[in-house]
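Trainee: here you go, sequence then predicted model.
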Amino acid sequence: MNIQDNYLKNKKNIFFSENKDIQIHREKLINIFENDRFDKKNNESLRNINLKNFIDFKYKYLIPEETAVINNNQENSYSIVSVNGQCSSFKDDKIEITKIQDEDYDDFSKNNTIENNDHFVNLNSLFLNSGFKIVIKKNNDIKIKISNIITDDNLTIFQKNNYICEEGSSLNLIEEYENKNNSTSNILKVIKLEKNSQLNHFLIQDNSPDHNLIITTHSSCKKDSAYTQKVYNFSEGYVRNFHYSELIEANSEADLQGIFFLKNHNISNNKTFVRHLAEDCKSNQVYKGILNDRSKATYFSNTYVDQKAQKTEGYQLSKGILLSDNASYFSKPELKIYADDVKCSHGSTIGPIDENAIFYLRSRGMSKIAATKILISSFINEELSSIDNEQMAEIIQKKLVRYLSKVK
Amino acid sequence: MNSETLNTLDSYSKNKYKYGFVTDIDNEKPKKGLSEDTIKFISLKKNEPSWMLDWRLKSFSKWKKMKEPKWANLSFPEIDYQDIYYYSAPKGFEKKPKDLSEVDPKLIETYNKLGIPLEEQKILAGVAVDVVFDSVSVATTYKGELEKLGIIFCSIGEAIQKHPDLIKKYLGSVIPPGDHSFSALNSAVFTDGSFVYIPEGVKCPMELSTYFRINAENTGQFERTLIIADKGSYVSYLEGCTAPKRDDNQLHAANVELIALEDAEIKYSTVQNWYPGDEDGKGGIYNFVTKRGLCAGKNSKISWTQVETGSAITWKYPSCILKGDNSIGEFYSVAITNNFQQADTGTKMTHIGKNTKSKIISKGISLGKSQNTYRGEVSFLRKADKARNYTQCDSLLVGNQCGAHTVPYIDSKNNTAVIEHEASTSKINEDQLYYCRQRGLSHEESVSLIVNGFCKQVLQELPMEFAVEAQKLVSISLEGSVG
């Protein structure tokens, strides 16, 4: 079925299909799909995957029954269950959760200037069928945990979330994606940090082999705000992590980190993109990957420094370990710099586990597998030990042990 | 930024192109534009055998179906291929002069202005020079001495006549005409260039050098260079260019192919100083060059060194295909851009054989309103066991209107291969500047010293004959402030 028929057939299920402006925008998107040649070589969003499977899909969506927001009784701590990408509304003096509105569509979907040719974002805008918006009110310090549940097999979820941290607020956000059904989730998150706010964002991804997860985040930071993102990808299915960050006012920071553990025929595409648009900002992009069996991964990192953005510090680091002959890793750490008073660098390495280190451990009586496991753990130790949430650290440690048990 | 720095920047950007002059020589040209007739005309003029004409026509038909590659970080107006002369040779050059005294004195004068008097150079440098003035080889010196060793060093046109077997075997073997539109274009209309063949076991005793210039207005230069190093041989090849000042953009699409067989080594050095356009970005040369080397045999080595200071647009990626086991590829580059220059340059290392090694050192310096991009690809294929790569690319920004970009592509499909890549971008270090000033150096001298130090890793890779010239060029690019 072509994309237009697919859309028209399911229109009543799709958000904002009555809105004329959005309708016009969507027609443009349909045109893009029908006319694009899908240039695999130059379009980063197409690498390693067969886009046809994602365009020629069978649309299926179930509207969930109401879900509850549970205040954990602990102060300032909330846990939210999102079912099929939706969440019931909630309001107290600290946070507010609402359904997304027509005007929320415009953020990033319509005004997507960075990535015009990201077909997954375009698909999301076109078939949008779920999502919610969370606002953290001024000067609050909040913890939120969101569990994502999908109720049926073969669902196609196109979700959009908006997170807004108001002035002086601080949010600790943990999101879990652990799904065992063969669904496809295409999630776009738009994150706004007002003056002097903070967001620590953890994403734990652990899906079954036939579950596709496509996450795109777009964060923008105002004066003195800081966004930290940590992605832990243990999924056995396809995962795409594309994260954009814009530093739009002075003295803001963005820190995008990720670790992925791949095995079997798993594919993971990763991208981080930081745009420095104001002075005195800092950014950091660190991705580490461990690839086993026939897995494939890509990592694109990009630092853009505008002419105005003097005194910028932007760092990138990407490291990959290939455990098997058949694994492959592609990395493209890019710097685009238009200001002169900057400190920018990137480093990228890909290789096997250090033979000398293995030899050292084996000469002290350790088996080869045990040595390998120790070295893998030490490779990512820096990232794991920096997790300040004990509960989180425990969950991740468990998943790591599970991954290592399959390493031979 | 203090006023002294601003003054320095000012003088950087006002520094004029020294070699801007035009030699007035009657040119014999075909009609403008590209068609089968043009290609037949070129082939006829060069007295080529029919298989060569067929090869050209085949390339032309490929070119017609192709589009220019658009991925580079460059912006330039559409090139009108029908508004270019594809062949220009000074009159009476169908018969080659036997020695320098037969050469048009005006030509000799041109080279004198450039500071490379042929006759002196013969004696002083001991360099055999294959001079290309526009499209026809003017004089080839030191031929006799090379012939004794069995080395073939001549223009490609001559090689097509005299060594058709080698040409048939190797031409287009590293850069197939259908690779991309500029290689197809070059294959269709190339007029001259150098051909080098080093026989088995011969170490070429001198640096081979070609000096070519673009002279006639609206004439694209389509050089084709082919270097073959047979088993166990060694050759070092120098290429340097300067061009007179013009307002019309001139197109240059050269192809350079290197082939190193077992245990052979080729060192290819380039100093490029073509007219970059004036302070307002008007004029200048469009340089779309394809350079590729094939390490075909075991233990072979290819090393590219380049100093790029000229051209309005530079699109150049000297690459190595490391096919033989234990083969080595190296790439050293300094690219300086000023005013409105745009450079998108880098390399491509493709590791196919076992234990192959590659090293990339790239230094980019941006001044004025220029854009300088490093674009490099390193890929390890499945069978490249124990392959190794080290890449370092540093950029220096002088002034806040220029841009420095780094776009590396790193692809590993082998789990024993190790790849390391690092890059940094910064401005001239204030502490270093302060240190130099403290010790009594002027601001200009300090900047010069720091920039020279920044480039040293690459400049020291150049052969002696070239090092002086390269340093001069770097200085000229910074003249008035850091000389």
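Mentor: Good, I have the coordinates. This is a predicted model, so every value here is computed, not measured.

Trainee: what is the mean pLDDT for stretch A:20-33?
Mentor: What stretch A:20-33 shows for mean pLDDT is 82.

Trainee: ok, stretch B:239-252 next?
Mentor: 61.

Trainee: and if you look at stretch B:429-436?
Mentor: Per-residue scores along stretch B:429-436 average to 88.

Trainee: that one vs chain A: in contact?
Mentor: No. Contact of stretch B:429-436 with chain A (Cβ under 8 Å from any Cβ of the partner chain) is absent, the minimum separation being 9.5 Å. (C-beta placed from N, C-alpha, C; glycine too.)

Trainee: so which residues make contact with the lowest-mean-pLDDT helix or strand in chain A?
Mentor: Ranked by mean pLDDT, DSSP states H and E, the weakest helix or strand in chain A is strand A:69-71, scoring a mean of 70. For strand A:69-71, the external contacting residues (Cβ atoms under 8 Å, 6 or more residues apart in numbering or on different chains) are A:77, A:78, A:79, A:80, A:81, A:87, A:88, A:90, A:92, A:97.

Trainee: from these, pick the one nearest residue B:186.
Mentor: residue A:87 (60.9 Å; Cβ to Cβ).

Trainee: the nearest residue to that closest one once chain neighbours are set aside pairs with what?
Mentor: In this structure, residue A:87 finds its nearest non-sequential neighbour in residue A:132, 4.4 Å apart by Cβ to Cβ, 6 or more residues apart in numbering or on different chains. Under DSSP bridges, the beta-bridge partners of residue A:132 are residue A:99, residue A:161.

Trainee: I'd like the contacts of strand A:69-71 as TSV, with secondary structure appended.
Mentor: Formatted as TSV, the contacts of strand A:69-71 follow (DSSP: H, G, I helix; E, B strand; the rest coil):
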residue	secondary structure
A:77	strand
A:78	strand
A:79	strand
A:80	strand
A:81	strand
A:87	coil
A:88	coil
A:90	strand
A:92	coil
A:97	strand
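
Trainee: find the nearest non-adjacent residue to residue B:51, please.
Mentor: Going by Cβ to Cβ, 6+ apart, residue B:51 has residue B:168 as its nearest residue, at 7.1 Å.

Trainee: the one you found falls within a helix, correct?
Mentor: Yes. Residue B:168 forms part of a helix when assessed by three-state DSSP.

Trainee: so the residue nearest to residue A:87 sits against residue A:95, correct?
Mentor: No. Counting by Cβ atoms under 8 Å, residue A:132 stays clear of residue A:95, with 11.6 Å between them.

Trainee: re earlier: among the contacts of strand A:69-71, which ones are buried?
Mentor: Listed as buried from the contacts of strand A:69-71 are A:78, A:79, A:80, A:81, A:87, A:88, A:90, A:97; burial here means 16 or more other Cβ atoms under 10 Å in any protein chain shown.

Trainee: residue A:134 is in contact with the last one, correct?
Mentor: Yes. Under the criterion of Cβ under 8 Å, residue A:97 lies in contact with residue A:134, with a separation of 5.3 Å.

Trainee: if we can go back for a sec, state the distance from the residue nearest to residue A:87 to chain B.
Mentor: Look at residue A:132 and chain B: by Cβ to the nearest Cβ, to the nearest Å, they are 38 Å apart.

Trainee: before we move on, what about residue A:405?
Mentor: Here the criterion is Cβ to the nearest Cβ. By it, residue A:405 lies 20 Å from chain B.

Trainee: what about that residue, neighbour count?
Mentor: 9 (other Cβ atoms under 10 Å in any protein chain shown).

Trainee: same question for residue B:453.
Mentor: 10.

Trainee: equivalent analysis for residue B:193, please.
Mentor: Neighbours around residue B:193, by other Cβ under 10 Å: 26.

Trainee: and the one 10 residues further on, by the same measure?
Mentor: Applying other Cβ under 10 Å, we find 12 other residues in the vicinity of residue B:203.

Trainee: and the closest residue to it other than its chain neighbours, what is it in contact with?
Mentor: The shortest distance from residue B:203 to any non-neighbouring residue, by Cβ to Cβ, 6+ apart, is to residue B:234 (4.4 Å). By Cβ under 8 Å, 6+ apart, the contact set of residue B:234 is B:198, B:202, B:203, B:204, B:264, B:265, B:266.

Trainee: may I have the beta-bridge partners of the last one?
Mentor: The bridge-partner assignment for residue B:266, based on DSSP bridges, gives residue B:235, residue B:302.

Trainee: tell me the spacing between it and chain A.
Mentor: 28 Å.

Trainee: that residue: what's it in contact with?
Mentor: Contacts of residue B:266 by Cβ under 8 Å, 6+ apart are B:227, B:229, B:234, B:235, B:236, B:237, B:258, B:260, B:293, B:301, B:302, B:303.

Trainee: now the second one: how far from residue B:257?
Mentor: Note on residue B:229: its distance to residue B:257, by Cβ to Cβ, to the nearest Å, is 12 Å.

Trainee: more crowded one of those two?
Mentor: residue B:229 (32 against 21).

Trainee: for burial, what's the neighbour tally of residue 333?
Mentor: Using chain A. For residue A:333, the neighbour count with other Cβ under 10 Å is 27.

Trainee: nope, chain B please
Mentor: When counting by other Cβ under 10 Å, one arrives at 27 neighbours for residue B:333.

Trainee: so it sits against residue B:306, correct?
Mentor: Yes. Judged on Cβ under 8 Å, residue B:333 makes contact with residue B:306 at a distance of 4.9 Å.

Trainee: I'd like to know how many residues surround the closest residue to residue A:181 other than its chain neighbours.
Mentor: Spatial nearest neighbour of residue A:181, excluding adjacent residues (Cβ to Cβ, 6+ apart): residue A:153 at 4.5 Å. Neighbour count for residue A:153, taken as other Cβ under 10 Å: 12.

Trainee: same thing with residue B:464?
Mentor: 8.

Trainee: could you list the low-confidence segments of chain B?
Mentor: Within chain B, the stretches with pLDDT under 70 are B:1-30, B:88-143, B:210-220, B:240-249, B:465-466, B:468-469, B:472-473, B:475-483.

Trainee: so where do the helices sit in the stretch 301-408 of chain A?
Mentor: Remark: helices assigned in the stretch 301-408 of chain A by DSSP state H, counting those that start in this stretch are A:355-363, A:368-379, A:381-385, A:390-405.

Trainee: what are the bridge partners for residue A:198, then?
Mentor: residue A:170, residue A:226.

Trainee: closest to chain A out of the contacts of residue B:234?
Mentor: residue B:265 (27.0 Å; Cβ to the nearest Cβ).

Trainee: look up the closest residue to the closest one, ignoring the ones flanking it.
Mentor: residue B:301 (4.3 Å).

Trainee: check the burial of that neighbour by counting its neighbours.
Mentor: Residue B:301: 23 surrounding residues under other Cβ under 10 Å.
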